[in-house]
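Trainee: Just need the structure, nothing else, for what follows:
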Amino acid sequence: MTLAAGRLNCIEHHTFLTGPLVAGSIVIDAGANIGGFASAMVERFPCRVLALEPHPKYFDTIPIHDRIHKLSCAVAGTDGRRRLQLDANPEAARLNDTNQGEGTMTEVRRLETIIRENDITELALVKLDIEGTELEVLASLTDDVLGRIAQFTIEFHDFAGYLSTRQVETALAQLERRGWLKVKFSRQYYGDTLIVNRRLVHLSQLDAWWLRHVTRNTRGVGRWVRRRLGARS
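Mentor: Alright, predicted model coming up:
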């Protein structure tokens, strides 16, 4: 079934298309933190959310909701256990297999494992905000798994130095060759990137052009205006 693209929406600097978010659709929120994105999704759309968060403190603060299912784990390229490096910044805990800094062991799961264990046939949206592990996750995805996902909204951490912009662009080019559309909404780095499966989401050539050029540039002008107004206030 081909899904309509719908409008663009943005929650916590993650941009996505609303069309696939129909009643009963499933969203994976990887790097859920305290549950802000997951809560906003179930408030605005009739979807269900799998909220994945490895940090025990933040996992416990994710709100209880009948359409939010909490999983205490991180998403990675392999299944098992790995070291989670903790940080005073609640949004900066990350998988780090060195012994630098304070850390704790946590469960890690591939997306494929999560899909299988939860009997998911199709995902309306996968949000990845996983502090530098996003390329590892993308590289682990089979064609079968990719074929079930309508879109990704990803905060790539090239801006934090966890990976390079060239690495991100290489991974995105590989997805584009497999029929996906990528739109970078952030200005310099890839902190807000939408990737759409054009085999599942109907986008005309005009739709794709509009997203890549008009919408993206309009947002850029809006950010510039807000910065200028802020500087004058």
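Trainee: Which phi and psi values does Ala74 adopt?
Mentor: Here is the backbone geometry of Ala74 (degrees, to the nearest 10): phi -110, psi 150.
Trainee: Now name the helix or strand holding the residue lying closest to Glu112 once chain neighbours are set aside.
Mentor: Once flanking residues are discounted, Glu112 sits nearest to Val145: 5.0 Å by CB to CB, 6 or more residues apart in numbering. For the C-beta atoms, the positions are set from N, CA and C on the backbone; glycine is no exception. Val145 belongs to helix 143-146 when assigned by DSSP states H and E.
Trainee: Helices of this protein, residue ranges please.
Mentor: 36-44, 56-61, 111-117, 134-139, 143-146, 165-177, 205-209, 216-232 (DSSP state H).
Trainee: Could you check how far the residue nearest in space to the middle of the chain is from Leu181?
Mentor: Closest residue to the average C-alpha location of the chain: Lys127 at 2.2 Å, with CA atoms, centre = their mean. Per CB to CB, to the nearest Å, Lys127 is found 17 Å from Leu181.
Trainee: Also Leu141?
Mentor: Counting by CB to CB, the separation of Leu141 from Leu181 is 17 Å.
Trainee: Can I get stretch 141-150 in PDB? Just the C-alpha atoms.
Mentor: As requested, the backbone C-alpha atoms of stretch 141-150 are provided in PDB (Å, rounded to 0.1, in the frame of the first residue of the first chain):
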ATOM      1  CA  LEU A 141      19.400  -2.700   8.000                       C
ATOM      2  CA  THR A 142      18.400  -5.300   5.500                       C
ATOM      3  CA  ASP A 143      16.300  -4.600   2.400                       C
ATOM      4  CA  ASP A 144      13.400  -6.400   4.200                       C
ATOM      5  CA  VAL A 145      13.600  -4.000   7.200                       C
ATOM      6  CA  LEU A 146      14.000  -0.900   5.000                       C
ATOM      7  CA  GLY A 147      11.000  -2.000   3.000                       C
ATOM      8  CA  ARG A 148       8.800  -1.800   6.200                       C
ATOM      9  CA  ILE A 149       9.800   1.800   7.100                       C
ATOM     10  CA  ALA A 150       8.000   4.700   5.600                       C
END
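Trainee: what about it, average pLDDT?
Mentor: The average pLDDT for stretch 141-150 rounds to 96.
Trainee: Identify the residues contacting that stretch?
Mentor: Residues from elsewhere that reach stretch 141-150 (CB atoms under 8 Å, 6 or more residues apart in numbering): 3, 17, 20, 111-112, 115, 120-126, 178, 196-197, 199-201.
Trainee: Using PyMOL, define a selection of the buried residues within these.
Mentor: Buried residues within the contacts of stretch 141-150, by 16 or more other CB atoms under 10 Å, are selected in PyMOL with:
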select buried, resi 3+17+20+111+115+120+123+124+125+126+196+197+200+201
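Trainee: Thanks again, I'm all set now.
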